[in-house]
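In: all I have is the shape, not the residue letters:
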């Protein structure tokens, strides 16, 4: 029962993320769509994903459905340019630069490293971020109330990662040692690691961080 409830929490959080993301993107696309219609062009949305096409398939399909519900149909009045880093941080910079060269109208990013790569690649193309933790602490935006620059989107506090330790302890009360996979090259992982270590100490759980920089590690 507890595992089922936890799954529902994860699915609900993901659904909320996408609802907010689509809403923000729709607002960003509205003036672009009007200009494109006058010029006889189709707005192009660049998507920068840190994972493989297979791993991103659910997110992208949900994204397409959300756009369709708001009147945007791929191949008709909107075009998607998707780029995938296959679980590695290194390709993100080149992929972001490629989207900029394609002169897309807006870039949608998933995860903190992808958002940073896009921000470094352009200061003019609007960037809509999703699944980003601590955007202020990692330097993506100036503040949540007034992000400034060309970055906006959906984020969550690092404390949510610490909450995982509490949920795990609730599901498996006798757990005493937990391994944590983290990527030292991911800025947000360094922030969330501190939060998870703090929560583990409070819950009397021994935490063993294991650095993983790419899927082959």
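Out: The structure has been received and is ready for your questions. Everything numeric in this text was worked out from a predicted model, so none of it was measured.
In: distance of residue 121 relative to residue 207?
Out: Residue 121 sits at a distance of 35 Å from residue 207 (criterion: Cβ to Cβ, to the nearest Å). For the C-beta atoms, the positions are set from N, CA and C on the backbone; glycine is no exception.
In: before we move on, what about residue 133?
Out: Per Cβ to Cβ, residue 133 is found 18 Å from residue 207.
In: comparing those two, which residue is more hemmed in?
Out: Between residue 133 and residue 207, counting by other Cβ atoms under 10 Å, residue 133 is the more crowded of the two (22 against 17).
In: neighbours around the residue nearest to that one when sequence neighbours are not counted, how many?
Out: The shortest distance from residue 133 to any residue other than its chain neighbours is 4.5 Å, reached at residue 188 (Cβ to Cβ, 6 or more residues apart in numbering). Residue 188 has 25 neighbours, counted by other Cβ under 10 Å.
In: elements contacting the helix or strand harbouring residue 188?
Out: Using DSSP states H and E, residue 188 sits within helix 187-202. Helices and strands touching helix 187-202, by 3 or more Cβ pairs under 8 Å, 6 or more residues apart in numbering; DSSP states H and E, are helix 112-121, strand 127-133, helix 159-171, strand 177-182, strand 206-211.
In: these two touch, right, residue 83 and residue 47?
Out: Yes - using Cβ atoms under 8 Å, residue 83 makes contact with residue 47 at a distance of 6.9 Å.
In: which one's more surrounded, those two?
Out: A count of neighbours by other Cβ under 10 Å puts residue 47 above the other of residue 83 and residue 47, at 23 against 19.
In: roughly how far apart are that one and residue 120?
Out: Taken as Cβ to Cβ, the span from residue 47 to residue 120 is 17 Å.
In: just the buried residues of stretch 154-171, please?
Out: 154, 155, 158, 161, 162, 164, 165, 168, 169 (16 or more other Cβ atoms under 10 Å).
In: just to be sure, the first one is in a helix?
Out: No - the assignment for residue 154 is strand, going by DSSP: H, G, I helix; E, B strand; the rest coil, so no helix is present there.
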